[in-house]
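> Sharing a sequence plus its predicted fold:
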There are 2 protein chains.
Amino acid sequence: MAAPVYLVGVDVGGTTVSTQLVDERLRPIHATTVATDTSSPDATLESIALGIEQTIREAAPAGTLGAIGLGVPGQVDAANGVSRMAVNLYWYDYPVAARLQAKFGAPVRLENDVRAAALGVYQFDNPAQHQDLVYVSIGTGVAAGVVLGGRLVRGRNGLAGEIGHFIVEPDGPLCNCGVHGCLETLVSATAVIRLARAAVAAGEESTLADCRPLTAKSVYDAAAAGDPVAQRITAGVGARLGIALRNVVMAYDPECIVLGGGVTQAGERYLQPILAEWERQRASSALARAMLTAAKLRIADPTRNMGAWGAVALAARTLRA
Amino acid sequence: MAAPVYLVGVDVGGTTVSTQLVDERLRPIHATTVATDTSSPDATLESIALGIEQTIREAAPAGTLGAIGLGVPGQVDAANGVSRMAVNLYWYDYPVAARLQAKFGAPVRLENDVRAAALGVYQFDNPAQHQDLVYVSIGTGVAAGVVLGGRLVRGRNGLAGEIGHFIVEPDGPLCNCGVHGCLETLVSATAVIRLARAAVAAGEESTLADCRPLTAKSVYDAAAAGDPVAQRITAGVGARLGIALRNVVMAYDPECIVLGGGVTQAGERYLQPILAEWERQRASSALARAMLTAAKLRIADPTRNMGAWGAVALAARTLRA
């Protein structure tokens, strides 16, 4: 009988590194979060190494480290384990897998963080065992991870699913990517905050003026509490999201769409304005009635870090490969 | 040594049935086109059978019929060889494969016509051997067939790639699907004709008034000949297509996008307004400069019926399976 192995999944963010340790049957053993030191490319890598070491030290699991999976922001060359471009981490063509493999002596698999989270949802938050699903991450930006037929859809450069850069309003706000009117300028958590701040700055009467800090989720809370300005904002963002997620359904024809990111923890209050737009389309369209069902849309399990669990799924695939 | 086999690929349209006969090395032997009789579901099937029989009779190939592939419009249950819904053919849950298999004694594989054409482009019009490509069909409607990693992307209901039903202008024209502002209401060949007719009806001075018949391609011809009304229409449609195809790039991250359909036979005159929009985005965006390169966009080989050749590819896969 082989000695037991344990696996590590790491979600690497610009602020924190979250590490999930599991046994070889992928049962959770221990999780930690450490701060990301982005003072240099190597410092970021060192934060990851520290997070992994701390997790292993605290858990003291039996056996040996079998594999490491990582979800990292930006563009990833998964085949070579290289971060092609992660602006917030200052990584450009940085050989993440090789460095960590040298340090820990275990195979390392890398993927874009949102695509990794989609694998996490597919493997660990998928009670109906859907084989075709889209995970949509809504935060500072907006992006999708797409699993079809149980396989991650990557595209040529690993950028398939960059729905946040769908241009939806050519005269809309300027996006970080350099063009106007990308989806994420209109529906990201950042966009919700921008709209709320603009309303307050324009002197509109709203409880939003008293929110400290003003987060996207607090706008949904204010809307639920009856604040009309917050309600107008969440209805408008929901209508746009309802159209965007219809387009996601048309693009990939998934069995379900799973939403994640801090703002989605508003739960039903977050889903309701989206479903109102779907209902509007269903009223006049057989195609919408067939394809845009409320059952197709849900929010990811908020008690699990899907990024870290997706990285666990990556690590497990390394073992099988 | 086994007896030689030949294969048949059939592109089934509401007007014509195009059949391509090939040898077992997929070299063309003979092609025919017959009219589609859509007076009943069974009549449509009979048209297909007649087309296949005529092609075989005229070519009198050596050996036996090895397999039949079909591309049919609408929603297809590929696994069971059933046309789920093909409005123009009056097929609803019609068992196409079983019927033809009983008639011809050879395996039959069915796919949606645009997805089949994407396979045709992948296998027969792909000099660079791209593994990730999107075929966009522009005709009465607009739809995409997506090949990623050399595999056809189908989604749960075989509807992945229905980009013609991306809502891009919620206050736009009413789509056949029942909602307003779907992409195909703005950029299909039908939309180009509608815009040209509207300009003529509004009394605008244009050579388009003299076009008999007024086709989408004739609008591109008039634009090339200097007609300012036609130029305004093609520039506007091109800008919208440029945005839509950017969104296709963001959705699937293909190595190339291949455009097909009668209107695209305008060639460079068709591509130029699209590329002008891409150039506009490239001017301000590193992401656009990386992802939206002129080399990524081309028009399908107009000398081959990609639908029929895609059906040949389906037939060949049946043999290998």
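Cool, got the structure.
> where exactly do the helices run in chain A?
Ranges of helices within chain A are A:41-59, A:96-104, A:113-124, A:184-187, A:189-201, A:216-224, A:228-252, A:268-284, A:286-291, A:306-320, based on DSSP state H.
> any chance of those helices in a markdown table, with mean pLDDT and mean neighbour count too?
(Each C-beta comes from the backbone N, C-alpha and C, glycine too.) As requested, these are arranged in a markdown table below (pLDDT from 0 to 100; neighbours: other Cβ atoms under 10 Å in any protein chain shown):
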| stretch | mean pLDDT | mean neighbour count |
| --- | --- | --- |
| helix A:41-59 | 97 | 18 |
| helix A:96-104 | 97 | 18 |
| helix A:113-124 | 97 | 27 |
| helix A:184-187 | 97 | 25 |
| helix A:189-201 | 96 | 19 |
| helix A:216-224 | 94 | 23 |
| helix A:228-252 | 98 | 23 |
| helix A:268-284 | 97 | 18 |
| helix A:286-291 | 96 | 18 |
| helix A:306-320 | 92 | 25 |
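> Please convert these to JSON lines, extending it with distance to residue B:15.
JSON lines is the format used below for the helices of chain A (distance: least, Cβ to Cβ, whole Å):
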{"stretch": "helix A:41-59", "distance to residue B:15": "60"}
{"stretch": "helix A:96-104", "distance to residue B:15": "54"}
{"stretch": "helix A:113-124", "distance to residue B:15": "42"}
{"stretch": "helix A:184-187", "distance to residue B:15": "41"}
{"stretch": "helix A:189-201", "distance to residue B:15": "47"}
{"stretch": "helix A:216-224", "distance to residue B:15": "52"}
{"stretch": "helix A:228-252", "distance to residue B:15": "26"}
{"stretch": "helix A:268-284", "distance to residue B:15": "29"}
{"stretch": "helix A:286-291", "distance to residue B:15": "23"}
{"stretch": "helix A:306-320", "distance to residue B:15": "48"}
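> so which of these gets nearest residue B:81?
Of all those, it is helix A:286-291 that lies closest to residue B:81, at 20.9 Å by Cβ to Cβ.
> picking up where we left off before, for the helices of chain A, give me JSON lines that also has distance to chain B.
Conversion of the helices of chain A to JSON lines gives the following (distance: least, Cβ to the nearest Cβ, whole Å):
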{"stretch": "helix A:41-59", "distance to chain B": "19"}
{"stretch": "helix A:96-104", "distance to chain B": "21"}
{"stretch": "helix A:113-124", "distance to chain B": "11"}
{"stretch": "helix A:184-187", "distance to chain B": "11"}
{"stretch": "helix A:189-201", "distance to chain B": "17"}
{"stretch": "helix A:216-224", "distance to chain B": "22"}
{"stretch": "helix A:228-252", "distance to chain B": "4"}
{"stretch": "helix A:268-284", "distance to chain B": "4"}
{"stretch": "helix A:286-291", "distance to chain B": "4"}
{"stretch": "helix A:306-320", "distance to chain B": "16"}
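> Of all those helices, which one is nearest residue B:88?
helix A:286-291 (15.4 Å).
> what packs against that closest one?
With contacts taken as 3 or more Cβ pairs under 8 Å, 6 or more residues apart in numbering or on different chains; DSSP states H and E, helix A:286-291 sits against helix A:228-252, helix A:268-284.
> Residue A:194: which of the ones you listed is closest?
Closest to residue A:194 of the helices and strands packed on helix A:286-291 is helix A:228-252 (Cβ to Cβ; 9.9 Å).
> got the angle for the closest one vs helix B:228-252?
90 degrees (axes from the mean of the first three to the mean of the last three Cα atoms, to 10 degrees).
> okay, how far is it across stretch A:223-231, tip to tip?
From the first residue to the last, stretch A:223-231 extends over 4 Å; the measure is Cα to Cα, to the nearest Å.
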